[in-house]
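1. model this:
(chains A, B and C)
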Amino acid sequence: MTESVGGMGETGGMLLSEVVETSTGLAGTRSRLKKAELIAGLLATATDPDETEVVVTYLSGELRQRRTGVGWRTLADAPEPAETPSLTVAEVDRAFAELAVLAGPGSQARKREAVDALFGRATEAEQQFLRLLVGGELRQGALDGVMADAVARATGIPLEKIRAATMLRGAAAPVAVAVLTEGEAGLAQFGLEVGRGVQPMLAQSATSVAEALAKTGTPAALEWKLDGIRIQAHRDGSKVVVYTRTLDDITVRVPEVVSAVLALDAEQVVLDGELIALKSDGRPEAFQVTGSRTATRAATGPDSVPLTPYFFDILHQDGQDLLGLDGATRHEWLSKLIPEEQRIPRLVTDDAEAGHAFFADAVKRGHEGVMVKSLTVPYEAGRRGSGWVKVKQTHTLDLLVLAAEWGHGRRTGWLSNLHLGARDSETGEFVMLGKTFKGLTDELLRWQTERFQELEVRRDSYTVYLRPEVVVEIAFDGVQTSPRYPAGMALRFARVLRYREDKRPDDVDTVQTVRAIHEGAVDE
DNA sequence: TTCCGACAGTGGGGTCGCAAT
DNA sequence: ATTGCGACCCCACTATCGGAA
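-> Below is the predicted model:
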């Protein structure tokens, strides 16, 4: 262990440079076993729980502070790097903790000073590491999953137990610290705690109800998939806390949820649900409306858009943990506690045809599609298992590739991100509706990189612009209002299905067609 | 030996709050 | 009042590793 040299009166502890070296090693191998070994090796040299916690979070690609107010722009111009490493892990964590609480007039300048002080003591490699860490772009092939595996291997504790504790605790680092310092006995402290967010259960995708039913097994429950914000509501007596999918606390922004939960006939409860803005006729507002209202802090007043909470699962009630129970039993508990108008409409069936009719009805009512849920699996916090499967309505269009941007990371050297345009039937011009990088195989990336440069008309440092010749079939979930694109519309979740070399630019779909979808005039 | 679950990476559009201009 | 940045909401898809079958 090297002592800190020439620091600011620091006493020692692990150097940041040791973390940076390990991170470089992680990026240098694709083997997850090797990554786990490297992580375990460094964790073994940590001297105290605090240090262990910081190292665990850094090697998972995160800062310990949820928000610091420092981003890529602030870090773009940093002072000259130091020649030799001296920063300790503890010093770096403290520096970010201080940055995180800076606010008010003049805070930008003070942030600048604090960042310069920190980065002035960092070597070139350390500066680069911190930049990527802050930006959440470490890309060393190790995040929470690999970290959990590393901790399991280092301690000999089954991965499943570590994972379960992590999901219930809602965070990886405290669990890692507990087992690294106390062994398996350290896991005993982690269970569902009313008031503390649990990683929500996630869903796989399927393209049809029949395919979804094949994954979940039958009979299964189908529920409308609402296009809103995922919420997890905790009540302990008179205290209510509402969390988002990433366990951000949004309680003060959603009084509707607080009052709904306080009205329930239970002292303690943990509920999973969806929050959505509805029009006066009961149809859902565009996601942007729900998102905007939910993001607004002081969301009261006459002009405020009301939100409606729906609940679809229950994890705890009055001292009893329910998340280990099967889906059917949990829903019985839910039905007894939650009034029908606050539950998501649901159909239990083993018939794909009946299921499809339920799906079609949900879509007709303006919803995204359905969730298909196994009746037999427990609530698998944080898992994306086959117990829950989503089926969404999608659209497809033939569009023109207007340009393509150079990729990053494993896509470096390939043209990756496509600019997509529809034809304006009145002017004959092509109008950009958004970009996509999704759905491309390596083979396709190779092909388009070559082909697009043959069609190049000009380029800048990010983008190659093309002659309007390449037609691509695009899938997307819907059309949203856009403040950025010229038609005032953008595609939501666009992805490539295939190139259409059999089609000509005149064949691509029109802006007018897209507008019709936007206005809900087209059913596909 | 092949199959498949879990993970990480590669980015997309939109909105609000805040500080500076 | 406007602008730029940071943070967070929604997210689809492919490649890969390593254990399961």
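2. okay, now A:Gly104: neighbour count?
-> When neighbours are counted by other Cβ atoms under 10 Å, A:Gly104 registers 6. Heads up, the C-betas are built off the backbone N, CA and C, glycines and all.
3. same thing with A:Gly106?
-> Neighbour count of A:Gly106, defined by other Cβ under 10 Å: 9.
4. any idea how far A:Glu113 is from it?
-> 10 Å (Cβ to Cβ, to the nearest Å).
5. Kindly report the same for A:Thr308.
-> 47 Å.
6. more crowded one of these two?
-> More crowded of A:Thr308 and A:Glu113, by other Cβ under 10 Å: A:Thr308, with 19 against 11.
7. The helix or strand harbouring the more buried one near DNA strand C anywhere?
-> Using DSSP states H and E, A:Thr308 maps to strand A:307-317. No. Legend: contact between strand A:307-317 and DNA strand C by Cβ under 7 Å from any atom of the strand is lacking; minimum distance shown is 12.6 Å.
8. any idea of the mean pLDDT in that strand?
-> Mean pLDDT, computed over strand A:307-317, is 98.
9. From the chain's centroid, how far away is it?
-> 21 Å (Cα atoms, centre = their mean, to the nearest Å).
10. What about contact with DNA strand B: does that strand have any residue there?
-> No. Using Cβ under 7 Å from any atom of the strand, strand A:307-317 stays clear of DNA strand B, with a minimum separation of 13.3 Å.
11. and the helix or strand following that strand, what other elements does it pack with?
-> Sequence order places strand A:320-321 as the next helix or strand after strand A:307-317, per DSSP H and E. Here strand A:320-321 touches no other helix or strand, going by 3 or more Cβ pairs under 8 Å, 6 or more residues apart in numbering; DSSP states H and E.
12. Strand A:320-321 - which strands sit beside it in the sheet, and in what orientation?
-> Here strand A:320-321 has these sheet partners by DSSP bridges: strand A:307-317 (antiparallel).
13. buried residues in the strand it pairs with?
-> A:Leu307, A:Thr308, A:Pro309, A:Tyr310, A:Phe311, A:Phe312, A:Asp313, A:Ile314, A:Leu315, A:His316, A:Gln317 (16 or more other Cβ atoms under 10 Å).
14. need the contact list for the fifth one.
-> Same thing as A:Phe311. A:Ala233, A:Leu271, A:Asp272, A:Gly273, A:Leu334, A:Ile338, A:Gln342, A:Arg343, A:Ile344 (Cβ atoms under 8 Å, 6 or more residues apart in numbering).
15. and the first one, what is it in contact with?
-> Yep, that's A:Ala233 we're talking about. Neighbours of A:Ala233 in contact, by Cβ under 8 Å, 6+ apart: A:Val240, A:Val241, A:Val242, A:Tyr243, A:Val257, A:Val261, A:Val269, A:Val270, A:Leu271, A:Gly273, A:Pro309, A:Phe311.
16. Taking the stretch 401-524 of chain A, what residue is nearest to DNA strand B?
-> As assessed by Cβ to the nearest atom of the strand, DNA strand B sits closest to A:Gly409 within the stretch 401-524 of chain A, at 1.6 Å.
17. So what does that residue have for phi and psi?
-> Taking degrees, to the nearest 10, you get phi 60, psi -130 for the backbone angles of A:Gly409.
18. before we move on, what about A:Arg458?
-> phi -170, psi 170.
19. my read: it touches A:Tyr465, true?
-> Yes. With contact defined as Cβ atoms under 8 Å, A:Arg458 counts as touching A:Tyr465 (5.1 Å).
20. Between those two, which is the more surrounded one?
-> A:Tyr465 (16 against 9).
21. Would you confirm that that one contacts A:Glu456?
-> Yes. Applying Cβ under 8 Å, one finds A:Tyr465 in contact with A:Glu456, separated by 7.0 Å.
22. returning to that earlier point: out of the buried residues of strand A:307-317, which one sits closest to A:Thr68?
-> Each of the buried residues of strand A:307-317 was checked against A:Thr68 using Cβ to Cβ; the closest is A:Leu307, at 29.6 Å.
23. for the closest one, what are its contacts?
-> Here A:Leu307 is in contact with A:Val254, A:Glu256, A:Val257, A:Leu275, A:Ile276, A:Ala277, A:Thr290, A:Arg293, A:Thr294 (Cβ under 8 Å, 6+ apart).
24. measure it to DNA strand C for me?
-> Using Cβ to the nearest atom of the strand, to the nearest Å, A:Leu307 is found at 13 Å from DNA strand C.
25. And what about the closest residue to that residue other than its chain neighbours, helix, strand or coil?
-> Counting by Cβ to Cβ, 6 or more residues apart in numbering, the nearest residue to A:Leu307 once its immediate chain neighbours are dropped is A:Glu256, at 4.9 Å. Put simply, A:Glu256 is helix when judged by DSSP: H, G, I helix; E, B strand; the rest coil.
26. re earlier: setting the sequence-adjacent residues aside, check what's closest to the residue of the stretch 401-524 of chain A closest to DNA strand B.
-> Per Cβ to Cβ, 6+ apart, closest to A:Gly409 is A:Arg139, 5.8 Å.
27. Test my guess that that neighbour contacts A:Leu133.
-> No. Judged on Cβ under 8 Å, A:Arg139 makes no contact with A:Leu133 at a distance of 10.7 Å.
28. any common contacting residues for these two?
-> Joint contacts of A:Arg139 and A:Leu133 (Cβ under 8 Å, 6+ apart) are A:Gly61.
29. and these two? which has more neighbours close in?
-> The neighbour count for A:Arg139 versus A:Leu133, taken as other Cβ under 10 Å, is higher for A:Leu133 (22 against 15).
30. quick one on the thing from earlier: take the contacts of A:Phe311 and keep only those in helices.
-> Filtering the contacts of A:Phe311 for membership in helices, criterion DSSP state H, returns A:Leu334.
31. Point to the helix or strand of chain A where mean pLDDT is at its lowest.
-> None of the helices or strands of chain A scores lower by mean pLDDT, DSSP states H and E than helix A:72-76, at a mean of 92.
32. That one vs DNA strand C: in contact?
-> Yes. Contact between helix A:72-76 and DNA strand C, assessed by Cβ under 7 Å from any atom of the strand, occurs at A:Trp72, A:Arg73, A:Thr74, A:Leu75.
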